[in-house]
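1. model the following, please.
(chains A and B)
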Amino acid sequence: RKEVEQDPGPFNVPEGATVAFNCTYSNSASQSFFWYRQDCRKEPKLLMSVYSSGNEDGRFTAQLNRASQYISLLIRDSKLSDSATYLCVVNGEDSSASKIIFGSGTRLSIRP
Amino acid sequence: DAGITQSPRHKVTETGTPVTLRCHQTENHRYMYWYRQDPGHGLRLIHYSYGVKDTDKGEVSDGYSVSRSKTEDFLLTLESATSSQTSVYFCAISAERYNSPLHFGNGTRLTVT
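-> From the prediction side, this is the model:
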């Protein structure tokens, strides 16, 4: 089993729809979690951190479920500009930076 | 946006030649990282640094070396470039090891012919 798994998609949804992705992780001692977006041929950019109590930033909501070992990202009222690949990042408890694990990404395409 | 600059942005080189990629930050962050990104593999850590002259290997370090003589600069060297090292290379920085997100430079696209 991969340490961090994401559904690669693509998710193809109409503008204005609500879409959600999950990211599962295997290390129960993981400490911190993030969502990034990456546009084609660009660098990953931090979208939001994921806090234990869940957090919201505008149309985006992130949640953490430690019991089931997954994080989620919900996008409401999706825009054409939301089309991108979304990467989850799980940061383990080991001091080695090798425990910063990136998911392979979920591709999202918003259609007019 | 975090102050991270990678150079060069694009490079084409021949097999067997040495190549050095530079990452420069203006954030005074302690941690710096080099990743490569390839289709089907996602982001993979090559090397990272946790301070001046303090570096460690990542999961795909073979064929690469790094140096960090100043807080702001982290160099990645391909001693003798091979075609398998054709990739997009990203530098990243973070303030802390834990609970601190990574911020990425805009990447170097390297082609080894």
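2. partners of the lowest-mean-pLDDT helix or strand in chain A in the sheet?
-> The helix or strand of chain A with the poorest confidence is strand A:100-102; it has a mean of 89 (mean pLDDT, DSSP states H and E). Taking DSSP bridges as the criterion, strand A:100-102 forms sheet pairs with strand A:84-91 (antiparallel).
3. and the partner strand, C-alpha only, in CSV?
-> Extracted C-alpha coordinates of strand A:84-91, given in CSV (Å, rounded to 0.1, in the frame of the first residue of the first chain):
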residue,chain,number,x,y,z
ALA,A,84,-5.8,22.0,-11.8
THR,A,85,-4.2,19.0,-10.1
TYR,A,86,-4.6,18.9,-6.4
LEU,A,87,-1.9,17.3,-4.3
CYS,A,88,-2.2,16.2,-0.7
VAL,A,89,0.9,16.3,1.5
VAL,A,90,1.3,14.3,4.7
ASN,A,91,4.1,15.1,7.0
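4. can you list contacts of it?
-> Strand A:84-91 has contacts (Cβ atoms under 8 Å, 6 or more residues apart in numbering or on different chains) with A:3-4, A:6, A:21, A:23, A:25, A:27, A:30-40, A:44, A:47, A:71, A:73, A:99-108, B:42-43, B:98-99, B:101-102. The way it works is simple: take the backbone N, C-alpha and C, and place the C-beta from them, glycine included.
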